[in-house]
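Participant: Take a look and give me a structure for this.
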Amino acid sequence: MALVNVVNMVVLDNPTIFSNPFQFEITFECLQELDDDLEWKVLYVGSAQDATRDQVLDEILVGPVPVGVNKFVLQADAPDPSKLPPEDLLGVTVVLVTCSYKEREFVRVGYYVNNEYHDPNAPPPTINADGQQEHAPLPKPIPIENIQRQILADKPRVTKFPISWGEDPNTNNNDNNLIQQTQPPVQQNPSGMVSMQEESNASFSQHGVQAMME
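Facilitator: Residues are numbered from 1 along each chain as shown. Here you go, the predicted model:
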């Protein structure tokens, strides 16, 4: 049985510009006293084809954790655009929020992220001979201040892993195998809070844009 359960997660400041920090308001429940801190991590998938482009945006330790319901805001800097492939700067990718106990990851929450170019000073589109709209080509390099980031906050993917909560990492099936979920995907209620009590069985890897789209 997991001793820590993520109850709700709210994406703050969304949509926003690309360079603004990520902010997640996390509510979790601790069922009994823990011997160690919880490690929370935010990871940005820089490229679906190249895992070396992934960026760990922040890692924090939370503790000591009191028994009961706890809430905090996890804030992480935006990814460094110079480390992203130019062709992957715009479009859809994934941001992951993970939590580990004694270096054993037990929950992972993933969100689609859509980055779009918006230039308020761009010339209006023209109409070609076929009657189709044609937009001016994107500048190179793309100005970061003109990229808008939107997290699809109503469609998180939650994956749980069985771990040992004691000293022996080999007990309680701690082989990092995925717990298969059978409940429907999580939904966002009108207040903007996402319930993690109903979880998706659509797991994905750390470099999971392709896996999430299967």
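
Participant: who's in contact with the closest residue to residue 152 other than its chain neighbours?
Facilitator: Nearest non-adjacent residue to residue 152, counting by C-beta to C-beta, 6 or more residues apart in numbering: residue 112, 4.3 Å away. No exception for glycine: its C-beta is placed from N, CA and C like everyone else's. Contact partners of residue 112, counting by C-beta atoms under 8 Å, 6 or more residues apart in numbering, are 92-94, 151-152, 155, 212.

Participant: quick one: what helix or strand has residue 112 in it?
Facilitator: strand 104-117 (DSSP states H and E).

Participant: Strand partners (parallel or antiparallel) of that strand?
Facilitator: strand 91-101 (antiparallel), strand 147-151 (antiparallel), strand 157-160 (antiparallel) (DSSP bridges).

Participant: any chance you could map the strands in this structure?
Facilitator: Along the chain, the stretches classed as strands by DSSP state E are 4-11, 16-17, 22-30, 38-44, 55-62, 68-76, 91-101, 104-117, 126-127, 133-134, 147-151, 157-160, 194-195.

Participant: Please convert the ones you listed to CSV, extending it with mean pLDDT.
Facilitator: Output for the strands of the chain, formatted as CSV (pLDDT from 0 to 100):
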stretch, mean pLDDT
strand 4-11, 95
strand 16-17, 96
strand 22-30, 97
strand 38-44, 97
strand 55-62, 96
strand 68-76, 96
strand 91-101, 96
strand 104-117, 96
strand 126-127, 71
strand 133-134, 70
strand 147-151, 96
strand 157-160, 95
strand 194-195, 37
